[in-house]
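>>> 3D model of this:
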Amino acid sequence: MSVLTWNRRAFLRSTGVCIALPTMEALSAGSTPATTPPTRMVCIGNEFGMYPGAFWPTTSGRDYELTPLLQPLAALRNHLTLFSHLDHGLKGGHFAVHTFLTGVKSADARGMEEGGISLDQRAAEHVGSRTRFPSLTIGSESGLHGGPMMSWTRTGTRVPPITGPRDLFRALFVEDDAIAKTKAADRIDLQDSILDAVLDDAHALKNRISRADAQKLDEYFASVRDVEHKLDLDRQWQRVPKPQAPIAEPVDQGLTKDLPALYDLIALALEADATRVATLEIGGSFAASDLGIKKGYHSLSHHGQVQSSIDLLVQIELYQMEQYARFLQKLANIREPQGEGTLLDNTMVLFGSGMGNANSHTNSDLPVILAGGGFRHGEHKSYPVDGKQRVPLSNLFVSMLQRFGVETDSFSMSTGTLSGLDVA
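Numbers count the residues shown, from 1 in each chain. So this is what the prediction gives:
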């Protein structure tokens with residue numbers, strides 16, 4: 001492919017890096033802190049959805065009833081919005097669960113304009129190297145069907161998750177050894193070398209092209225400057241020490257027992273501005289036995305309308321909702337380190353799944369809750385059920401990205417922003 005046919009997006013894909021357009025607020029203790037709190041995003045998803053009969057209210061608006069699975073959120077209802085009848089219009093059962101944050105199946109992503117990138121990674125591109133970690137993806141390597149697999153890059157690669165609280169703690173607070181630092185520096189130098197090589201080719205063409213092609217080449221040079229800036233910031237982060245750990249190093253106990261610790265570490269990472277984007281995947285490795293339940297999570301999700309199995313499934317999902325509520329309350333109790341308000345005021349926390357009803361293997365009517373982040377909350381918003389008027393879940397993602405600061409009017413299969421969702 002000629003360098004003249006490369007647009008900015010293609011160039012960034014080929015380098016395998018994401019960019020940071022704005023400059024970094026602070027890289028050292030001597031820097032002046034920002035007075036405006038940053039906007040953050042946390043995405044949480046499980047593999048088997050929520051049992052509809054215990055999750056969905058029968059009424060919408062502000063006075064919707066709290067169903068058994070929504071009871072843990074009672075004290076937080078004014079800080080969150082429940083959305084019904086939002087999905088991606090996809091089928092595939094377990095093999096479409098990974099579309100929760102992308103809106104497209106991985107097999108179809110290659111033909112998409114943005115390559116099937118997930119919501120969290122699109123936000124992470126906007127953050128770039130302004131934080132030590134553009135994003136944190138946390139979960140298990142695999143479940144029965146591979147897990148929720150929520151985070152995807154533009155090139156169609158799944159972002160490998162950090163698999164437990166111990167590794168997450170070490171990433172946040174334990175300094176890399178000399179070998180790891182050398183490898184990181186070598187990786188940055190390699191990207192620099194690749195950049196120099198393609199830049200030499202571009203300069204060689206500069207005096208032999210038409211005016212129209214010269215404009216394309218200027219856009220290309222702008223892409224290069226963006227990536228050079230990103231690499232400079234990466235080098236600076238190599239010299240910035242990690243913060244001192246405020247807690248002792250946790251011990252991995254398995255995803256079920258680890259959920260509280262994982263949520264606590266995400267809160268610490270947001271508070272320290274180590275990252276502004278985090279994703280938590282709750283997969284099939286979630287052990288029901290750790291809750292005293294003898295049957296497996298996956299088998300219970302295929303309950304066959306047997307009430308005893310439904311009761312056990314709801315018990316599992318209730319635990320997940322309790323931990324979600326605990327996390328929201330924790331963010332609400334932490335004052336903003338860089339301004340007024342709380343962490344929850346400036347953190348969008350999305351909870352949901354790519355599975356609507358695991359018993360029937362359907363990917364419609366996804367359970368979706370959005371909390372915090374500066375939106376006007378307190379309602380159950382019900383959208384049209386009819387196929388022609390149905391609203392894609394990606395419309396919510398466009399609204400979230402715009403709130404995050406991303407200049408975009410589209411994401412995946414969106415048709416616009418989500419109507420009825422207003423900023424507070």
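>>> Now Ser410. Nearest residue, chain neighbours left out?
Val398 (6.3 Å; CB to CB, 6 or more residues apart in numbering). Using the backbone N, CA and C atoms, a C-beta is placed for each residue, glycine as well.
>>> how near is that neighbour to Arg335?
Val398 sits 30 Å away from Arg335, going by CB to CB, to the nearest Å.
>>> Which one of those two is surrounded by more residues?
Val398 (22 against 11; other CB atoms under 10 Å).
>>> my guess is Pro68 contacts Val314, does it?
Yes - Pro68 lies in contact with Val314 (CB atoms under 8 Å); the separation is 6.3 Å.
>>> who touches both of the two?
Both Pro68 and Val314 are contacted by Ala54, under the criterion CB atoms under 8 Å, 6 or more residues apart in numbering.
>>> just to revisit the earlier point, any idea which helix or strand carries the residue nearest to Ser410?
Assigned by DSSP states H and E, Val398 belongs to helix 393-404.
>>> Repeat that for Leu268.
In the assignment (DSSP H and E), Leu268 maps to helix 255-271.
>>> what's the neighbour count on the residue lying closest to Gly352 once chain neighbours are set aside?
Using CB to CB, 6+ apart and skipping residues adjacent in sequence, the residue nearest Gly352 is Val368, 4.3 Å away. Counted with other CB under 10 Å, residues neighbouring Val368 total 23.
>>> How about the contacts made by Val368?
Each residue near Val368 by CB under 8 Å, 6+ apart is listed here: 82-84, 86, 350-352, 393, 396.
>>> same deal with Glu317?
Taking CB under 8 Å, 6+ apart, we find Glu317 in contact with 50-51, 54-55, 69.
>>> For these, give me JSON lines that also has neighbour count.
Formatted as JSON lines, these follow (neighbours: other CB atoms under 10 Å):
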{"residue": "Met50", "neighbour count": "30"}
{"residue": "Tyr51", "neighbour count": "25"}
{"residue": "Ala54", "neighbour count": "18"}
{"residue": "Phe55", "neighbour count": "20"}
{"residue": "Leu69", "neighbour count": "21"}
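>>> Need the pLDDT of the residue positioned nearest the centre of the chain.
In the chain, the residue lying closest to the centroid (CA atoms, centre = their mean) is Asp120, at 3.0 Å. Asp120 carries a pLDDT score of 97 in this model.
>>> ok, now the one 3 residues further on?
At Ala123, the predicted lDDT confidence score is 97.
>>> circling back to that earlier point, what's opposite the residue nearest to Gly352 in the beta bridge?
Note on Val368: beta-bridge partners by DSSP bridges are Phe83.
>>> and the gap between it and Glu114?
Counting by CB to CB, the gap from Val368 to Glu114 is 21 Å.
>>> same thing with Val127?
17 Å.
>>> mind listing what Leu119 touches?
Neighbour list for Leu119: 41, 43, 101-102, 350, 397, 400-401, 411 [criterion: CB under 8 Å, 6+ apart].
>>> Could you pick out the buried ones from those?
Among the contacts of Leu119, those classed as buried by 16 or more other CB atoms under 10 Å are 41, 43, 101-102, 350, 397, 400-401, 411.
>>> For these, work out which two are farthest apart.
Largest separation among the buried ones among the contacts of Leu119 by CB to CB: Met41 and Thr102, giving 15.0 Å.
>>> got the end-to-end distance for stretch 398-417?
With CA to CA, to the nearest Å as the measure, stretch 398-417 spans 5 Å from end to end.
>>> quick one: it to chain centroid distance?
Averaging C-alpha positions (CA atoms, centre = their mean, to the nearest Å) puts stretch 398-417 14 Å from its chain's average.
>>> all strands of the protein, in order?
Using DSSP state E, the strands of the chain run over residues 40-46, 80-84, 136-138, 277-282, 347-353, 368-371, 380-382.
>>> From the chain's centroid, how far away is the third one?
Taking CA atoms, centre = their mean, one finds the center of strand 136-138 at 8 Å from the center of the full chain.
>>> average pLDDT for it?
For strand 136-138, mean pLDDT is 96.
>>> if we look at it, which residues are touching it?
Strand 136-138 is contacted from outside by 120, 150-151, 159-163, 168, 171, 262, 266, 269, 275, 277-281, using CB under 8 Å, 6+ apart.
>>> if you set the cut-off to 10 Å instead, what comes out?
For strand 136-138, contacts defined as CB atoms under 10 Å, 6 or more residues apart in numbering pick out 42-44, 118, 120-121, 124, 149-152, 158-165, 167-168, 171-172, 255, 258, 262-263, 265-266, 269-270, 274-282.
>>> just to revisit the earlier point, just want to know which of Pro68 and Val314 has more residues nearby.
Using other CB under 10 Å, the more surrounded residue of Pro68 and Val314 is Val314, with 20 against 15.
>>> For the contacts of Val368, which entry has the maximal number of neighbours?
Ranked by neighbour count (other CB under 10 Å), those have Leu393 at the top, with 28 neighbours.
>>> Would you agree it is in contact with Met413?
Yes - using CB atoms under 10 Å, Leu393 makes contact with Met413 at a distance of 8.9 Å.
>>> who touches both of those two?
88-90, 103.
>>> For Arg187, grab the count of nearby residues.
Close neighbours of Arg187, defined as other CB under 10 Å, add up to 12.
>>> got a list of what the residue nearest to the centre of the chain touches?
Applying CB under 10 Å, 6+ apart to Asp120 gives the contacts 41-43, 101-102, 134-137, 150-152, 159, 277-279, 350, 397.
>>> Likewise for Val349?
Contacts for Val349 (CB under 10 Å, 6+ apart) come out as 40-44, 79-80, 266, 278, 324, 327-328, 331, 343, 369-373.
>>> can you tell me how far it sits from Tyr297?
Separation of Val349 from Tyr297 (CB to CB): 23 Å.
>>> where are the low-confidence patches of the stretch 201-350 of the chain?
For the stretch 201-350 of the chain, the stretches flagged by pLDDT under 70 are 201-207, 211-212, 214-234.
>>> Do you have the helices of it handy? List them.
Secondary structure of the stretch 201-350 of the chain (DSSP state H, counting those that start in this stretch): helices located at 211-238, 255-271, 297-301, 307-333.
>>> same deal with the stretch 1-150 of the chain?
With DSSP H, counting those that start in this stretch as the criterion, the stretch 1-150 of the chain has helices at 8-15, 52-55, 119-127.
>>> Most neighbours of all the shared contacts of Leu393 and Met413, which one?
The residue in the shared contacts of Leu393 and Met413 with the most neighbours, by other CB under 10 Å, is Gly103 (24 neighbours).
>>> Now do the nearest residue to it once chain neighbours are set aside: how many residues are near it, please.
Nearest non-adjacent residue to Gly103, counting by CB to CB, 6+ apart: Ser412, 3.2 Å away. Look at Ser412: counted by other CB under 10 Å, it has 25 neighbours.
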